[in-house]
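# 3D, please:
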Amino acid sequence: MDQLLADLLGGNLVILLLALFLILCIFLAIRIVPQSEQHVVERFGRLKAVLGPGINFIVPFLDRVAHKVSILERQLPTASQDAITADNVLVQVETSVFYRILEPEKTVYRIRDVDAAIATTVAGIVRAEIGKMELDEVQSNRATLIATIKTSVEDAVDNWGIEVTRAEILDVNLDQATRDAMLQQLNAERERRAAVTRAEGQKRAVELNADAELYAARQAAEARRVEADAEAYATGVVAEAIARGGLEAVQYNIALKQVEAIGSVANGQGNQTIIVPADAVDAFGKAFQMLKGRG
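Numbers count the residues shown, from 1 in each chain. From the prediction side, this is the model:
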């Protein structure tokens, strides 16, 4: 039995070893890359290929996966660096950068520590850009500053196969002395604006008052003009009546006015005595005569 078993193993040992070798080759040749990664393949120490997500094949024993690089977006730790503005104010800027790797072969062969390199680049660019601006511009034009920093960082890291997706300035801190000075300046500016507002209000009130007086004067002049026109019209009517009726029409009109005036005095309250002019009787007589003559 032992002899038979030895004969069987001896005859099939080569085939068994060959099968195991083929299985090992297939296992080594197949590489499954996750969706979030890319694999850098080397052959004899040199770059051969970059494997994308999915099933990939390499040459066993000749090719090897030297680097497994994540292509997910990354965030650098929040960094703080000092900078001096154009008006010589020391500020402390907190920044954060997001990036992702687009070309792993550049990243692994051109830079050793990509995070440290990007952080150093961002710090230098932030100091350079803030040095061109005054403190008020840094505070008010933060969006423009962020866009400038992002563009500058993208240009600097382009040779590393990296895309900077976002750059943020989280905070701009000042020392206490600068804060106190800015607070005093802010209070002074608020007081100045309040004084200007009060002055403008007083000026507007004076202008409105002058406009009101001018409007009242115009209305009074217009009223006098209307009265003058009415008086002129009445005078014209009287003149026309005199031209048509002669002196008798004038005397009748005068007598009628006298009668109306005496009636008004008689109707007043508390008047027990009526003063009649000496020529009142003559006026009444003349009026009756005129009426009789007209009748």
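# ok, which stretches of the stretch 51-200 of the chain are helices?
104-110, 114-130, 135-140, 142-156, 176-245 (DSSP state H, counting those that start in this stretch).
# just grab the bridge partners of residue 68 for me.
With beta bridges defined as DSSP bridges, residue 68 has these partners: residue 39.
# that one: what's it in contact with?
Residue 68 makes contacts with 37, 39, 40, as judged by CB atoms under 8 Å, 6 or more residues apart in numbering. Using the backbone N, CA and C atoms, a C-beta is placed for each residue, glycine as well.
# pick the one among these closest to residue 57.
residue 39 (12.2 Å; CB to CB).
# I'd assumed residue 64 was in contact with the closest one.
No: Residue 39 is beyond contact range of residue 64, at 10.0 Å (criterion: CB atoms under 8 Å).
# which one of the two is surrounded by more residues?
For residue 39 versus residue 64, neighbours defined as other CB atoms under 10 Å are more numerous around residue 39 (22 against 17).
# relative to residue 67, how far out is that one?
7 Å (CB to CB, to the nearest Å).
# check residue 127 too.
Distance from residue 127 to residue 67, by CB to CB: 33 Å.
# same question, residue 213
Distance of residue 213 to residue 67, given as CB to CB: 88 Å.
# low pLDDT regions in the chain?
For the chain, the stretches with pLDDT under 70 are 1-13, 238, 241-295.
# picking up where we left off before, could you check which of residue 213 and residue 67 is surrounded by more residues?
Neighbour count, other CB under 10 Å: between residue 213 and residue 67, residue 67 has more, with 17 against 10.
# so how far is residue 40 from the more buried one?
4 Å.
# anything in contact with each of the two?
104, 108.
# after whatever helix or strand residue 15 lives in, which helix or strand is next?
Assigned by DSSP states H and E, residue 15 belongs to helix 2-29. As assigned by DSSP H and E, the chain's next helix or strand after helix 2-29 is strand 30-33.
# return the list of helices and strands in contact with that next one.
strand 54-57 (3 or more CB pairs under 8 Å, 6 or more residues apart in numbering; DSSP states H and E).
# which other helices and strands contact the strand it packs on?
Using 3+ CB pairs under 8 Å, 6+ apart: strand 54-57 touches strand 30-33.
# what's next to the strand it packs on, contact-wise?
39, 51, 52, 53, 54, 55, 56, 57, 58, 65.
# good, we can wrap up now.
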